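output the structure for:
(4 chains)
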Number of protein chains: 2
Amino acid sequence: MRKTPVYVQIAEKIKNKINTGQLETGDAIDSENEICREFNVSRMTVRKSLAILINEGYIYSIPGKGNYVKKPEFSKYVVQYDEMKNSINSVDRTKLLEVNIVKPDDKLADKLRISKNKNVIMIRRIFYTEGEPVAYDIKFLVYYRGMPIVEKEIQYATFPEMVSKKTPLFSMKKEILISVEAADEEKKRYLNIYNDVPLLVVEQKFTDQENKPLGVGITYFRGDYIKLWGESL
Amino acid sequence: MRKTPVYVQIAEKIKNKINTGQLETGDAIDSENEICREFNVSRMTVRKSLAILINEGYIYSIPGKGNYVKKPEFSKYVVQYDEMKNSINSVDRTKLLEVNIVKPDDKLADKLRISKNKNVIMIRRIFYTEGEPVAYDIKFLVYYRGMPIVEKEIQYATFPEMVSKKTPLFSMKKEILISVEAADEEKKRYLNIYNDVPLLVVEQKFTDQENKPLGVGITYFRGDYIKLWGESL
DNA sequence: CAGTGGTCTAGACCACAGC
DNA sequence: CTGTGGTCTAGACCACTGC
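Okay, here's the model as predicted:
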């Protein structure tokens, strides 16, 4: 058991004041210099404590004024989403239905922010688990030279992997939209659905650092084979 | 346009090395002292740069050894979830179906990690938007003295708000599970469903700092009134 | 042992708030 | 003007790693 750093201790003490209601949302906390005197430490140490609190969403800072207690954020969750793997299921095989270079329709051209005569790669796949079809997946990637259109490279790739050949994963912005819908005839056929199992629909949109779209995708999961898990922070 | 701090500039340069492939996953980056010499800055400045990279998931640090390029995390999203408000809909009225103190059944007692003779508050509500029922909501809160069981306090409260009377929001751990299901007769009745609109189901579980459960909840949203949105980071 | 990252100090200068 | 937070320096000691 090694000892806790001073800056962590100070951060904990301030956290405590907030958690116990001694400090409320919007209140100003002691100035950095006051905290220095209070704990008899240097300012850099205090600033390290405050950095923790800022990072964890406890406080925010206004230069020239002071540090203030922030309104807690309680509606954000970190959700794990991987097309091939969720908390109750894992894809063990895929079938490539189609890989084609197509021209986008109005809606797609708009989403990808390209003109209608540009090339787009369309990939359609079925995901399987133990022989059962569990998801129907369509992706549209903005075409560029060197794009991986080799089946082997595409078949088992997740969306981030496909796009990361061009743009590094770190600098990519990703969005998802999660919704529900009933399966139409086409999807029922693809997914061997004979009853009223609903679908979980995940739309993905990837853009680079400059917000230029790299691709969009939509994955239809059989409702009985997917559960997404998330936790606060 | 004020100038960018040195530590941000250094962080950007190292990011760039990673994003352009000059540094790959697992590679060691220059030691802190080397970076000091390279940019002619003090060590604290360099450490501030590295703190950014660590925070953004670019690198990790091994004391006594060095800093290394981290494998990018590409399956995590920050999802906004508020029972009363999502990206396509906002609840403007609720109906309290029931507020009761009950004894948990086996399953619930297990989930809440309490014995079966303890008291649990059950709250059942319907959420409405412009007169239409859009969600059916059930919550179970571990009873404690001072619990808000006044209708007025409960009717419009979200889950975090209900529980925050006891445990401060900051120190609470929240989990969600997102799934899909077809509406049974009871839910069809509650939600005025006459066709095959599926339901989006969100289970929530709140625990305190010591992982003691505070409450669980399950909300059934009409599929045509909900869409969850998330983004990377 | 020398080199690494982790912590901490006691200064400094700046831009900015508020009076 | 003083006080605030934001940046930055040039040291220091520690625990740890690897040789």
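
what does chain A have sitting close to DNA strand C?
A:5-8, A:40-45, A:48, A:62-65 (CB under 7 Å from any atom of the strand). Using the backbone N, CA and C atoms, a C-beta is placed for each residue, glycine as well.

residues making contact with stretch A:204-215?
For stretch A:204-215, the surrounding residues in contact (CB atoms under 8 Å, 6 or more residues apart in numbering or on different chains) are A:111-114, A:139-142, A:159-160, A:162-163, A:166-167, A:171-176, A:216-219.

now list the buried members of those.
Neighbour counting by 16 or more other CB atoms under 10 Å in any protein chain shown classes A:112, A:114, A:139-142, A:159-160, A:162-163, A:166-167, A:172-174, A:176, A:216-219 among the contacts of stretch A:204-215 as buried.

mind listing the helices for chain A?
Along chain A, counting by DSSP state H, helices occupy A:6-19, A:32-39, A:43-55, A:106-112, A:151-155, A:159-163, A:185-190.

turn those helices into a markdown table, including distance to B:Tyr194 and mean pLDDT.
Shown next, in a markdown table, are these (distance: least, CB to CB, whole Å; pLDDT from 0 to 100):
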| stretch | distance to B:Tyr194 | mean pLDDT |
| --- | --- | --- |
| helix A:6-19 | 48 | 94 |
| helix A:32-39 | 62 | 95 |
| helix A:43-55 | 49 | 96 |
| helix A:106-112 | 30 | 94 |
| helix A:151-155 | 42 | 73 |
| helix A:159-163 | 36 | 83 |
| helix A:185-190 | 21 | 95 |
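
how about A:Val202, nearest residue that isn't a chain neighbour?
Spatially, and ignoring its direct neighbours in sequence, A:Val202 is nearest to A:Thr219 (4.9 Å; CB to CB, 6 or more residues apart in numbering or on different chains).

re the thing from before, which of the residues of chain A next to DNA strand C count as buried?
Buried members of those, scored by 16+ other CB under 10 Å, are A:Val6, A:Tyr7, A:Val41, A:Thr45, A:Lys48.

show me what contacts the third one?
The reference is to A:Val41. Residues near A:Val41 by CB under 8 Å, 6+ apart: A:Val6, A:Tyr7, A:Ile10, A:Ile35.

test my guess that the first one contacts A:Met44.
No: the pair A:Val6 / A:Met44 is not scored as a contact, 10.9 Å apart, by CB atoms under 8 Å.

rewinding a little: near chain B, which of the contacts of A:Val41 show up?
Among the contacts of A:Val41, not one lies near chain B by CB under 8 Å from any CB of the partner chain.

now, which of these sits nearest B:Thr94?
Using CB to CB, A:Ile10 comes nearest to B:Thr94 of the contacts of A:Val41, at 42.4 Å.

how many neighbours does the nearest residue to A:Arg47 once chain neighbours are set aside have?
Residue nearest to A:Arg47 in three dimensions, not counting chain neighbours: A:Glu32, with 6.4 Å by CB to CB, 6+ apart. Other residues near A:Glu32 come to 16 when the count uses other CB atoms under 10 Å in any protein chain shown.

state the distance from A:Glu32 to A:Ala51.
11 Å (CB to CB, to the nearest Å).

least trustworthy helix or strand in chain A by mean pLDDT?
Ranked by mean pLDDT, DSSP states H and E, the weakest helix or strand in chain A is helix A:151-155, scoring a mean of 73.

what residues does chain A have near DNA strand D?
A:2, A:31-34, A:43-44, A:47, A:50, A:61-67.

ok, now with 6 Å
Within chain A, the positions near DNA strand D by CB under 6 Å from any atom of the strand are A:Arg2, A:Ser31, A:Glu32, A:Asn33, A:Glu34, A:Met44, A:Arg47, A:Ser61, A:Pro63, A:Gly64, A:Gly66, A:Asn67.

where does chain A dip in pLDDT?
A:1-2, A:146-152 (pLDDT under 70).

okay, now the domains of it?
A:6-69, A:78-232 (automatic domain parsing).

hey, which of the ones you listed is tucked in deepest?
domain A:78-232 (a mean of 17; mean count of other CB atoms under 10 Å in any protein chain shown).

quote the end-to-end distance of that one.
Its first and final residues considered, domain A:78-232 spans 6 Å by CA to CA, to the nearest Å.

who are the contact partners of A:Ile121?
Applying CB under 8 Å, 6+ apart, the residues near A:Ile121 are A:Val99, A:Asn100, A:Ile101, A:Val102, A:Lys139, A:Phe140, A:Leu141, A:Val142, A:Tyr143, A:Met147, A:Ile149.

repeat that for A:Pro133.
Counted by CB under 8 Å, 6+ apart, A:Pro133 has contacts A:Ile126, A:Phe127, A:Tyr190, A:Leu191, A:Asn192, A:Arg222.

not counting sequence-adjacent ones, nearest residue to the residue of chain A found nearest chain B?
Residue nearest to chain B within chain A (CB to the nearest CB): A:Pro198, separated by 3.0 Å. Distances taken as CB to CB, 6+ apart put B:Pro198 closest to A:Pro198, at 3.0 Å, once the chain neighbours are dropped.

what's the spacing between the one you found and A:Val120?
30 Å.

just A:Glu24 next, same as before
From A:Glu24 to A:Val120 the distance is 53 Å (CB to CB).

just to revisit the earlier point, out of the contacts of A:Pro133, which is nearest to B:Gly57?
Distances from B:Gly57 to those, taken by CB to CB, are shortest for A:Phe127, at 27.2 Å.

ends of stretch A:107-118, what's the gap?
14 Å.

now that stretch, how far from the centre of its chain.
24 Å (CA atoms, centre = their mean, to the nearest Å).

cool, stretch A:167-186 as well?
10 Å.

does that stretch come close to chain B?
Yes: counting by CB under 8 Å from any CB, chain B has neighbours in stretch A:167-186: A:168-182.

so which of those residues are in strands?
A:Lys173, A:Lys174, A:Glu175, A:Ile176, A:Leu177, A:Ile178, A:Ser179, A:Val180, A:Glu181 (DSSP state E).
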